[in-house]
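*Asks:* What follows is a protein structure lacking sequence information:
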């Protein structure tokens, strides 16, 4: 195929067919009111309607349910020129112009809504989605159609709207959301992401108390703009807001529920466990709804990118999935091979325009059938498309750890090869990594040359040709440790022809969770299954070689001819994860010999001439 | 995003006139559009705005009067030099606000470290 005939698989360039509908002038009218739930709890909503709406017009509605203040009383001078939904996402303009109503909601226990929350995404919170949908379709301006989208928390509330199987819900668009909250966010690889969990809980607590002070550390941009949550319009003396905030005093926060934990099957005092807030527990209900899904995320977003793959391969609903090269929420670009790229692509406007086109097509047009995954290959800087995952042309290729810290496709020939590594607990991927981006931060892995000096690394010779790695690498290490507990963090990188190191993806595992379970996983997964349950955990026997095998987060990258593949191994990531063991200074010894040939198994895309 | 912040700056410049009355030692922010009592702002908010967005570091004695009917905020001073200092801040306020937003949004949080807190 010549270059001129190359197909453009950029999902933001595709055409989504739908009948032309009435559009409106720029601008919107808004109101803030309480919507009563089935149990009497009052939920705060901000309703934005197109300017110029007549009594004859009927509109579809975008429903957006958040715990981050549906609308904010802005500080001066901002509220002199901006509305209370200026920092809401998406901002109303593009949607109302295209003939949508938008309803922004404070979920129960948050913002100006009453009620309390035992944990995020509770069953009551999910059922509220159905009550709110009923309220919407009974409004005089509603045409009976509801769609929902969001990013992160709001991506998950969008996704969980499908659980109610409400006939009015025509599509959901979860952006950057989890699938399995244990492995995707709170305990990746069984290691507790104490930084995020603590900060996120503090953030939530502050929001629920209408206190913007902590934002200065956590979200300085929002601290500058937002003063507090917007009360409803009739609450001029803010008495109702004060009562709602009092009701939040019995909220529970995830850090308090998990920071002492280790295992997936541990129970909170109210007998709930982390799996209760997973998406996969609702697979049956979601599939029964057959609601079309449009999910999107990025390669460097925490464990949420793994969630994307799990959602794509496990849920039968019609599904468009998009994985790009940006940070959590697509505010900043995040492509290790394009550090000079300062503007995210697509722009938010381009992205939202595509979302509206897809919604239009789903509600009024042809919609879409089956499953399609659009993904961006870094290094090649190209969008691709597949209907299956992994892509059909994927093969697996083993790269063995060798003497002199080499990485090669040949099995070791030495009988006694091994490399000791005293765990350096100062090792860190910093505070702009794939986990900290969950707080909306940019991503920066540019200091890998320096960071790798604290690690045990293995590097290949220069590649003879380009190779594309698309999918999830799997590492198998034969190691012994001096201690009963520990963790392995493994980074897949490249060294370019200038000696610059670029990070692509990683995987990690707490060593007590190393058992590869033979029980059926709760959902289909493409890497060895670790249950992370208490009964499957066991301490390392010091001095004894044990097999440690785990999957990396998925990626798609081309490593160019002349560049070298690099594997870096750490025992800690100081600024993100809890320390394992909590005390002591373990030394691990990684075997790389004929009997114990440690290797990384790379998912390579075969090129056909 | 920079364009969005620039637009905020333009909106502020287009919506608010800053006038000085040397005889009465008064600076006024006059709104061209209708603004509610709640949106006008309280005294503490106005002082925070001058300090955090305007860079006014010193404590300056001023009487702040928000007038719903005339849709303006008056800042009344005892001394001319105080009025001049605050006028300089107001003159650059929108540009400084936009610059601060851009800097923080780019990930440089060092600029807010010494700003103190809002008096919420």
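*Replies:* Yep, it's here. In this text the structure is predicted, and so the values were computed from the model without any measurement. Numbering: from 1, shown residues only, chains lettered A, B, ... in the order given.
*Asks:* residues touching residue A:19, list them.
*Replies:* Neighbouring residues of residue A:19 by C-beta atoms under 8 Å, 6 or more residues apart in numbering or on different chains: A:364, A:365. Every residue, glycine included, has its C-beta placed from N, CA and C.
*Asks:* how about residue A:530, secondary structure?
*Replies:* Reducing the assignment to helix, strand or coil with DSSP: H, G, I helix; E, B strand; the rest coil, the entry for residue A:530 is coil.
*Asks:* Look up the pLDDT of the residue of chain B most remote from its centre for me, please.
*Replies:* Relative to the centre of chain B, the most outlying C-alpha is that of residue B:107, 23.9 Å out, by C-alpha atoms, centre = their mean. The predicted structure scores residue B:107 at 77 on the pLDDT scale.
*Asks:* give the contact list for the residue nearest to it when sequence neighbours are not counted.
*Replies:* Using C-beta to C-beta, 6 or more residues apart in numbering or on different chains and skipping the chain neighbours, the partner closest in space to residue B:107 is residue A:442 (5.1 Å). Going by C-beta under 8 Å, 6+ apart, residue A:442 touches A:327, A:331, A:332, A:334, A:432, B:107.
*Asks:* what's the neighbour count on the fourth one?
*Replies:* With neighbours defined by other C-beta atoms under 10 Å in any protein chain shown, the count for residue A:334 comes to 27.
*Asks:* wait, what's in contact with it?
*Replies:* Taking C-beta under 8 Å, 6+ apart as the contact definition, residue A:334 lies against A:298, A:299, A:300, A:301, A:325, A:326, A:327, A:437, A:442, A:443.
*Asks:* again, but for the second one
*Replies:* If a contact means C-beta under 8 Å, 6+ apart, then residue A:331 has A:344, A:348, A:440, A:442, B:1 as its contacts.
*Asks:* quick one: is the helix or strand of chain A with the lowest mean pLDDT near chain B?
*Replies:* In chain A, the helix or strand scored least confidently by mean pLDDT, DSSP states H and E is helix A:215-218, which has a mean of 82. Yes. Contact of helix A:215-218 with chain B (C-beta under 8 Å from any C-beta of the partner chain) involves residue A:216.
*Asks:* what do you get for stretch A:102-117?
*Replies:* No. Where contact is defined by C-beta under 8 Å from any C-beta, no part of stretch A:102-117 touches chain B; the two come within 15.0 Å at best.
*Asks:* so where's chain A shaky on pLDDT?
*Replies:* Confidence mapping of chain A against pLDDT under 70 gives the ranges A:1-5, A:608-609.
*Asks:* For it, which residues are neighbours of chain B?
*Replies:* Remark: the part of chain A in contact with chain B comprises A:75-82, A:211-213, A:216, A:220-221, A:223-225, A:227-228, A:331-332, A:432, A:441-442, using C-beta under 8 Å from any C-beta.
*Asks:* and if we set it to 7 Å?
*Replies:* In this structure, chain A approaches chain B at residues A:75-77, A:79-81, A:212-213, A:216, A:220-221, A:224, A:227, A:442, judged by C-beta under 7 Å from any C-beta of the partner chain.
*Asks:* Just flag the most distant two among the residues you listed.
*Replies:* Of all pairs drawn from the residues of chain A next to chain B, the widest gap by C-beta to C-beta lies between A:80 and A:442 and measures 29.4 Å.
*Asks:* Chain B against chain A: which residues are in contact?
*Replies:* Of all the residues in chain B, those lying near chain A are B:8, B:11-12, B:15-16, B:31, B:35, B:39, B:41, B:45-46, B:49, B:97, B:100-101, B:104-105, B:107, B:109, B:112, B:117-118, B:120, going by C-beta under 7 Å from any C-beta.
*Asks:* Show the buried residues in these.
*Replies:* Buried positions within those, assessed by neighbour count (16 or more other C-beta atoms under 10 Å in any protein chain shown), are B:8, B:11-12, B:15-16, B:31, B:35, B:41, B:45-46, B:49, B:97, B:100-101, B:104-105, B:109, B:112, B:118.
*Asks:* Nearest residue to residue 79 in space, please, no chain neighbours.
*Replies:* Picking chain A for this. residue B:39 (5.2 Å).
*Asks:* that's the wrong chain, I wanted chain B
*Replies:* Nearest one to residue B:79, counting by C-beta to C-beta, 6+ apart, is residue B:25 at 7.5 Å.
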